[in-house]
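A.B. asks: Below is the sequence, then the predicted model.
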Amino acid sequence: MNPYMFIVMISSLVAGTLITISSSHWLLAWMGLEISTFAILPLMAQKHYPRAMEASIKYFIIQTTAATMLLFASISNAWLSGQWDIQQMNHPLPLAMATIALALKMGLAPMHAWFPEVLQGLNLTTGLILSTWQKLAPFSLILQISSANTTLLTILGLTSILVGGWGGLNQTQLRKILGYSSVAHLGWMILILQFSPSLALLAFLTYVLMTFSMFNVLLAKKATTMNSLATSWTKIPMLAAITPLILLSLGGLPPLTGFLPKWMILLELTKQEMMPTATVAALSALLSLYFYLRISYAAALTTPPNNLPATLPWRINFTKTTTLMAISSTLSLLLLPISPSMLAFFWY
């Protein structure tokens with residue numbers, strides 16, 4: 001892609017998300033969502049592979065459907081109540097329609113099926129943008145309308161945690177596994193959003209940090225399948241040791257960073273006297289942990305078939321700086337000891 005066009009697309013992507021986050025009017029929010037959708041499509045389709053083009057078309061159709069439903073919900077709310085303000089959506093029908101439209105945009109279960117398929121057709125860099133930055137705008141909108149829609153959000157959150165765990169069990173493609181991981185993490189955020197928005201924001205930022213680290217490691221290893229991970233220890237031994245730790249942090253295993261949001265969310269759900277919901281969410285996290293352990297086993301504990309005449313690539317010569325990967329990997333593993341300071345920052 002031409003560098004000038006690349007700058008225009010990235011600027012439009014950022015501008016669209018910022019317009020949505022900073023707006024209080026439904027039409028402006030919808031406009032920002034459309035700008036960010038059209039800005040990422042050229043990035044998705046810049047390599048003219050059949051899978052990339054298929055993923056771009058699927059993404060365009062899904063996002064257009066969700067945006068149309070959101071626009072119809074906002075117009076219906078304005079017709080029924082005379083209000084265009086995002087926080088004044090109080091009628092049950094437009095509220096439910098807007099929540100479902102935003103869930104479709106984010107990839108929440110049961111409207112999740114498009115997300116792993118689209119992610120599988122993209123390169124790792126665009127997949128990282130789709131898994132992190134593109135979630136921010138709909139997340140900010142669902143945050144503003146969450147107070148009046150508790151039952152639907154609880155159902156969406158629990159379903160996403162369950163589906164995200166079950167869906168990744170039988171996968172060997174790393175991008176699909178990370179797609180189902182995203183669905184499960186979004187379920188945790190949506191589940192706690194109605195009770196503690198600051199805690200949902202903490203969970204979102206932690207998820208972005210860990211996902212950024214994981215995608216960077218896969219980019220460095222040039223790995224997209226579990227089989228390619230099994231031979232990567234000969235190329236970059238240090239990353240072969242770090243990869244399982246980042247994966248276990250994504251699974252929420254103590255004493256790693258990923259344990260913090262799950263710990264706090266379960267504590268808050270218990271305070272809200274939602275013990276059955278907290279129990280189902282905690283047990284469903286074991287499903288996600290299982291497929292993270294499968295990848296960890298493939299990355300660090302398997303020895304590839306080897307014979308004497310074989311010539312293995314013993315090292316990869318890095319052509320790009322690894323500073324961001326080093327910082328994000330360290331933060332993805334070692335933030336739990338400073339959790340009191342982080343929680344104080346988010347709650348006060």
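C.D. replies: Happy to help now that I have it.
A.B. asks: okay, and for this structure, where does confidence drop off?
C.D. replies: Within the chain, the stretches falling below the threshold (pLDDT under 70) are 147-148, 303-320, 347-348.
A.B. asks: and the longest helix along the chain, what other elements does it pack with?
C.D. replies: Using DSSP state H to assign secondary structure, the helix with the most residues in the chain is helix 50-81. Contacts of helix 50-81 with other secondary structure elements, assessed using 3 or more Cβ pairs under 8 Å, 6 or more residues apart in numbering; DSSP states H and E, are made with helix 26-44, helix 92-106, helix 114-120. Quick note: C-beta positions are derived from backbone N, CA and C, even for glycine.
A.B. asks: closest one to Met189 among the ones you listed?
C.D. replies: Within the helices and strands packed on helix 50-81, the stretch nearest Met189 is helix 92-106; the backing value is 9.4 Å (Cβ to Cβ).
A.B. asks: ok, residues contacting the closest one?
C.D. replies: Where contact means Cβ atoms under 8 Å, 6 or more residues apart in numbering, the residues beyond helix 92-106 that reach it are 33, 62-63, 65-67, 69-70, 72-74, 76-77, 80, 89, 111, 135, 138-139, 141-142, 145, 148-149, 152-153, 156, 186, 190.
A.B. asks: Between helix 50-81 and it, find me the angle.
C.D. replies: 160 degrees (axes from the mean of the first three to the mean of the last three Cα atoms, to 10 degrees).
A.B. asks: Can you list the buried residues in helix 92-106?
C.D. replies: Of the residues in helix 92-106, those with enough neighbours to count as buried (16 or more other Cβ atoms under 10 Å) are Pro94, Leu95, Met97, Ala98, Thr99, Ile100, Ala101, Leu102, Ala103, Leu104, Lys105, Met106.
A.B. asks: Determine the angle, from 0 to 180 degrees, between it and helix 26-44.
C.D. replies: Helix 92-106 and helix 26-44 meet at an angle of 20 degrees, taking the same axes, to 10 degrees as the criterion.
A.B. asks: Excluding residues flanking it in the chain, which one is nearest Leu324?
C.D. replies: Spatially, and ignoring its direct neighbours in sequence, Leu324 is nearest to Asn216 (6.7 Å; Cβ to Cβ, 6 or more residues apart in numbering).
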